[in-house]
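Peer 1: 3D, please:
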Amino acid sequence: MNEPVHISLILKKVMEQVEKKLVENSITEDINWEKIVGEDLAKGSKVVGKKGKKLIVKVADTCYMFELNRMKNIIIDKVNLKSKIQISDIKIIVSLEEF
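Peer 2: Residues are numbered from 1 along each chain as shown. Predicted structure coming up:
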């Protein structure tokens, strides 16, 4: 059986993970996504976070995924030039949520 762990140790670990995610997600607010990808693509996609040097983007369907993948290098260059963050890749996820 495991030894009991004080609740403050558990909370500290959980809060560190939450703070890290909040920082990564707040960084993405610096990105003007519509200006970078255009109005049409921005309607079906949104930046949801950043993990390391990878930008995480959710899209409404595979058509948006295809278009963003096709423009990936251009998008990376624009993000690096027009925002405070630097990325080297984009992860695109198809999502069922409304945009």
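Peer 1: how much space between Lys35 and Lys82?
Peer 2: Relative to Lys82, Lys35 is positioned 7 Å away (C-beta to C-beta, to the nearest Å). In this view, the C-beta of every residue, glycine as well, is placed from N, C-alpha and C.
Peer 1: any chance you could map the helices in this protein?
Peer 2: Along the chain, the segments classed as helices by DSSP state H run 7-27, 33-37, 39-43, 62-70, 72-82.
Peer 1: Return the most buried member of these.
Peer 2: helix 33-37 (a mean of 17; mean count of other C-beta atoms under 10 Å).
Peer 1: Show me what that one is packed up against.
Peer 2: strand 45-51, helix 72-82 (3 or more C-beta pairs under 8 Å, 6 or more residues apart in numbering; DSSP states H and E).
Peer 1: low pLDDT regions in this structure?
Peer 2: 1, 19-28, 99 (pLDDT under 70).
Peer 1: Thought Val57 was touching Ser95, still the case?
Peer 2: No: using C-beta atoms under 8 Å as the test, Ser95 is too far from Val57 to be in contact (9.6 Å).
Peer 1: Tell me which residues are up against stretch 31-38.
Peer 2: 42, 45-47, 55, 68, 71, 75, 78-79, 82-83, 85 (C-beta atoms under 8 Å, 6 or more residues apart in numbering).
Peer 1: if you set the cut-off to 7 Å instead, what comes out?
Peer 2: Contacts to stretch 31-38, defined as C-beta atoms under 7 Å, 6 or more residues apart in numbering, come from residues 42, 45-47, 75, 78-79, 82-83.
Peer 1: Show me which of these is closest to Glu16.
Peer 2: For the contacts of stretch 31-38, the minimum distance to Glu16 (C-beta to C-beta) is 23.5 Å, reached by Val47.
Peer 1: who's that closest one bridged to?
Peer 2: Val57 (DSSP bridges).
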